[in-house]
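[1] Need the 3D shape of this:
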Amino acid sequence: MSNHYHVVLFINSSEQAQLTDFEVLERWSQLFRGNLIVNRYVRGDDLCEAELYVVNQLAELWRERLGSISWFMKVLNEHIAREANREDVCTGNFWEGRFKSQALLDDKALAACLAYVDLNPIRAKMAESPETSEHTSAKKRIDAAKRTKPDALNLTQPNVLLMFIGNPREPMPTGLPFKLTDYLELLDWTGRILRNDKRGAIDQSLPPILKRLKIDSKSWLQNVKYFETNFKVMAGSLSSVKFKCTHLGYQRVPATSPILT
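    Alright, predicted model coming up:
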């Protein structure tokens with residue numbers, strides 16, 4: 001958007017925990033300069049016991065940071081601020097404050113948040129359709145799908161984004177638990193209804209993804225239009241929110257936690 005951005009993040013905690021120290025240091029070194037000892041370790045140089053201890057300590061610190069949303073946002077916002085200040089030939093703070101985030105507790109919350117982010121340019125009248133919405137994952141996915149070969153079994157998906165891997169099943173691979181075709185149909189349906197000339201009208205031919213998730217169409221539209229307003233800390237069904245609150249040690253569901261229905 002013109003003055004802010006949205007990003008939906010997935011932390012693969014199991015993969016993060018399984019990374020070796022070498023893999024952690026190698027990944028970190030692709031983003032940052034690291035330090036002399038780490039650079040020597042990655043090159044395969046022999047290190048003394050004291051140096052190896054330093055390397056192990058840094059590996060654990062950097063492993064944690066590689067899975068930290070706060071650290072990710074810090075680095076991303078710093079890069080954007082530097083580039084913006086360079087373009088405007090100025091210095092000083094670029095962002096008003098710290099980022100805001102909501103925990104997505106289940107598939108309902110995930111679908112609503114994805115659609116909210118992908119349809120933002122349409123609601124802001126910056127684009128007419130998902131395929132013309134610049135700087136969105138929806139456009140990137142649609143552009144990739146258009147390159148699918150005629151005899152391919154599945155639509156082509158961009159490697160830089162988490163894959164849509166279909167409906168939940170066992171064993172469940174890592175990815176978004178929806179069909180890409182269902183999600184794109186959902187975006188098209190929602191985007192058409194959210195247009196000003198369609199105010200109040202709800203198409204009766206609901207996308208299959210809404211039926212599978214058992215989401216009421218009116219509730220869906222309200223959640224997609226006002227996701228950030230409705231959900232301050234966490235988003236999900238009543239059972240998901242209650243489970244998370246119990247896990248966090250809350251005595252009751254916070255009043256600021258609306259429920260997806």
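
[2] Show me the shaky parts of the protein.
    Where the chain drops to pLDDT under 70, the residues are 195-204, 206, 255-258.

[3] what about dumping the CA coordinates of stretch 46-66 to CSV?
    Only the C-alpha atoms of stretch 46-66 are listed here, as CSV (Å, rounded to 0.1, in the frame of the first residue of the first chain):
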residue,chain,number,x,y,z
ASP,A,46,40.1,-25.5,12.1
LEU,A,47,39.0,-23.8,15.3
CYS,A,48,40.2,-24.1,18.9
GLU,A,49,37.8,-25.1,21.7
ALA,A,50,37.2,-21.6,22.8
GLU,A,51,36.4,-20.5,19.3
LEU,A,52,34.0,-23.4,18.8
TYR,A,53,32.2,-22.4,22.0
VAL,A,54,31.6,-18.9,20.6
VAL,A,55,30.4,-20.4,17.4
ASN,A,56,27.9,-22.7,19.3
GLN,A,57,26.6,-19.7,21.3
LEU,A,58,26.1,-17.6,18.2
ALA,A,59,24.4,-20.5,16.4
GLU,A,60,21.8,-20.8,19.2
LEU,A,61,21.2,-17.0,19.2
TRP,A,62,20.8,-16.8,15.5
ARG,A,63,18.6,-19.9,15.4
GLU,A,64,16.2,-18.1,17.6
ARG,A,65,16.3,-15.0,15.6
LEU,A,66,15.7,-16.9,12.3
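
[4] Would you mind pulling the contact partners of it?
    Here stretch 46-66 makes contact (CB atoms under 8 Å, 6 or more residues apart in numbering) with 16, 19, 21, 24-25, 27-28, 35, 37-38, 40-41, 71. For the C-beta atoms, the positions are set from N, CA and C on the backbone; glycine is no exception.

[5] make it 10 Å
    11, 16-17, 19-25, 27-29, 31-32, 34-38, 40-42, 45, 71-72, 74-75 (CB atoms under 10 Å, 6 or more residues apart in numbering).

[6] Got a ChimeraX select line for the buried ones in the residues you listed?
    Only the buried entries of those go into this ChimeraX selection, using 16 or more other CB atoms under 10 Å:
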select :19,21,24,25,28,29,34,37,38,41,72
